[in-house]
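> pasted the sequence and its predicted model underneath.
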There are 2 protein chains.
Amino acid sequence: MHVLVVHAHPEPTSFNATLKNVAVDTLKRQGHSVEVSDLYAEGFDPAEKPEHYDNRVNVDCFSPLAEQRNACQTGTLPGDVHREIARLERADLVVFQFPLWWHAQPAILKGWFDRVFVSGGLYTSSMRYDQGYFRGKRAICSVTTGAPAETFEPNGRGGDIELLLWPIQFSLYYMGFDVLPPFIAFAIQGHGFGNMDEDSFKQQLERQKAEWASRLENAENTRPLPFPGWNDWDEIGRPKPEGRSAEAALRFMSQQEGGARQ
Amino acid sequence: MHVLVVHAHPEPTSFNATLKNVAVDTLKRQGHSVEVSDLYAEGFDPAEKPEHYDNRVNVDCFSPLAEQRNACQTGTLPGDVHREIARLERADLVVFQFPLWWHAQPAILKGWFDRVFVSGGLYTSSMRYDQGYFRGKRAICSVTTGAPAETFEPNGRGGDIELLLWPIQFSLYYMGFDVLPPFIAFAIQGHGFGNMDEDSFKQQLERQKAEWASRLENAENTRPLPFPGWNDWDEIGRPKPEGRSAEAALRFMSQQEGGARQ
């Protein structure tokens, strides 16, 4: 496999950076080639805005979708977007490494979605979901949280982790990716050790690193989340009565025997 | 009331900008004062990063939470964050105006959450949710979508709109806001008129503007979404068996008689 790791944490010594390194090392050790989009290190601009487009189709009114389509067709995509798309084209597996900030991916990664998944080029009204541009490729989110796993159960104080990851995972599926169940490293303190002593905390981190490595070693054989597809919706986009529900993909972790939540 | 409108669209002639203007005009006409955070016009930087902090508590390792807390305590918050917090302090109601991009708010608004809701100052482990800093203030999301309403039903092709708005609305509740049911203007084309002719499309926009104005006129009397709170969780943060479920807040629109979905 060729693997792209999209990394979204500003601190090179963070546990997110450690997990990024675990991914690179583990995958290379298995004989895969690996490339990293280090969004902070590369100074990726997350704001989709007119200044990114040199060859505007409409200079009077900035419509992101119209400009993305035009830039694709005229070969005038912004340089960083062009680079990210080339990286995606090469990849068989895309790993997203990020901390959960405000119940979602950090803005720098949200903006990567806003700018890189260009309308008219990488998706159209018919080229989406199981007919998406990147079908055949796999994607996986590796996420750290500050709070412990228990608070992220359904109705828990941290918010149901499966609901929180739904918009990002559904976006990856929209682009055609086979989305693997996420890896979540809970209870990662940005500083200090939370309620643990230093030794217990370090042991937790070692366990999480080992688990992440093991997940990656099995990435080629892991069953993707079971999203509904074109056969499950009517022409307008409403669910067919006999169609597959989104619940199976949404509630995947809590439905696993033994619990993928650990 | 004093109202803050946080506006997140790059194009001043967009329908998002129109809805922002409807909010300003409607609220002023009612005798309220209104202030606008126009994130694109003001060049808000969405990326939380070390360069924002002049007075680092730890120059060797950038932990956003540690630097936010320290900057709060030492009065060295970044200028734009300080300004946004002052605007929030003044407001009785905060309106968020944004298009749904990749099943969430645009990166510029996601970064506003990442940077402005500062740890240690505006929230702590005990100052959250119904004990949150902004309790007593109201917030409402006004969102545009490209696809029509039908596709955003549960299991629909566009993704269940209530699931997609959950992370942002839960974040507002985390900060203590009373979150009003969202206003959603479906089927807004960035350019062109979709499957409609121009007249029908324009009529749709007029209806949506009127409905938004009416929602704002009633904002003071609207019942907020019924989130669970501290009494509903045990010490660890797991749901108490007798506690209120998140479902009521999550599934608010689909449970309304007549349907707030329109």
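Thanks, I have the structure now.

> what segments of chain A are helices?
Along chain A, counting by DSSP state H, helices occupy A:15-29, A:64-73, A:79-90, A:107-116, A:161-174, A:198-217, A:247-250, A:252-255.

> columns mean pLDDT and distance to chain B on top of these, output as CSV?
C-betas here are computed from N, CA, C, even on glycine. Putting these into CSV (pLDDT from 0 to 100; distance: least, C-beta to the nearest C-beta, whole Å) gives the following:
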stretch, mean pLDDT, distance to chain B
helix A:15-29, 98, 11
helix A:64-73, 97, 5
helix A:79-90, 98, 13
helix A:107-116, 98, 3
helix A:161-174, 98, 4
helix A:198-217, 95, 15
helix A:247-250, 92, 7
helix A:252-255, 81, 13
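
> winner for burial among those?
Comparing the helices of chain A by mean neighbour count (mean count of other C-beta atoms under 10 Å in any protein chain shown), helix A:107-116 ranks first with a mean of 27.

> just checking, what packs against that helix?
helix A:79-90, helix B:107-116 (3 or more C-beta pairs under 8 Å, 6 or more residues apart in numbering or on different chains; DSSP states H and E).

> hmm, what's the outermost residue in chain A?
What lies farthest from the middle of chain A is residue A:60; by C-alpha atoms, centre = their mean that is 34.0 Å.

> residue contacts, that one?
If you count contacts by C-beta atoms under 8 Å, 6 or more residues apart in numbering or on different chains, residue A:60 has them with residue B:13.

> try it again with 7 Å
If you count contacts by C-beta atoms under 7 Å, 6 or more residues apart in numbering or on different chains, residue A:60 has none.

> okay, it: pLDDT?
With respect to pLDDT, residue A:60 scores 95.

> just read off the phi/psi values of it.
phi -90, psi -30 (degrees, to the nearest 10).

> and residue A:10, by the same measure?
Residue A:10 adopts backbone torsions of phi -80, psi -20, taken as degrees, to the nearest 10.

> what about it, how many residues nearby?
The local packing of residue A:10 (other C-beta atoms under 10 Å in any protein chain shown) involves 21 other residues.

> likewise residue A:43?
11.

> give me the distance between it and residue A:84.
13 Å (C-beta to C-beta, to the nearest Å).

> with adjacent residues omitted, what lies nearest to residue A:56?
residue A:67 (6.3 Å; C-beta to C-beta, 6 or more residues apart in numbering or on different chains).

> is it true that the one you found touches residue A:57?
Yes - with contact defined as C-beta atoms under 7 Å, residue A:67 counts as touching residue A:57 (6.2 Å).

> pull the number of nearby residues for residue A:56.
The number of residues near residue A:56, taken as other C-beta under 10 Å, comes to 15.

> nope, residue A:183 is what I meant
By other C-beta under 10 Å, 23 other residues sit near residue A:183.

> surely it and residue A:145 touch.
No - the criterion here is C-beta under 7 Å, and residue A:183 misses it with residue A:145 at 11.6 Å.

> measure stretch A:128-147 end to end?
34 Å (C-alpha to C-alpha, to the nearest Å).

> buried residues in it?
Judged by neighbour count (16 or more other C-beta atoms under 10 Å in any protein chain shown), stretch A:128-147 contains these buried residues: A:128-129, A:132-134, A:137-147.

> what's the closest non-adjacent residue to residue A:224?
Excluding its sequence neighbours, the residue lying closest to residue A:224 (C-beta to C-beta, 6+ apart) is residue A:178, at 3.8 Å.

> distance of the one you found from chain B?
From residue A:178 across to chain B, the span is 18 Å (C-beta to the nearest C-beta, to the nearest Å).

> pretty sure that residue sits against residue A:138.
Yes - counting by C-beta under 7 Å, residue A:178 touches residue A:138, with 4.8 Å between them.

> contacts for stretch A:141-158 next, please.
By C-beta under 7 Å, 6+ apart, stretch A:141-158 touches A:15-16, A:19, A:95-100, A:159-161, A:165, A:168-169, A:182-190, A:212, A:254, A:261-262, B:228, B:233, B:236-239, B:245-246.

> those, buried ones only, as a ChimeraX selection?
Command for ChimeraX that selects the buried part of these, burial taken from 16+ other C-beta under 10 Å:
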select /A:15,16,19,95,96,97,98,99,100,159,160,161,165,168,169,182,183,184,185,186,187,188,189,190,212 /B:228,233,237,238,239,246
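
> so of the contacts of stretch A:141-158, which ones are in strands?
A:95, A:96, A:97, A:98, A:99, A:183, A:184, A:185 (DSSP state E).

> contacts only, for the fifth one.
By C-beta under 7 Å, 6+ apart, residue A:99 lies in contact with A:9, A:16, A:106, A:144.

> which one is the first one nearest to, not counting chain neighbours?
Nearest-residue entry for residue A:9: residue A:16, 3.7 Å, with adjacent residues in sequence omitted and distances by C-beta to C-beta, 6+ apart.
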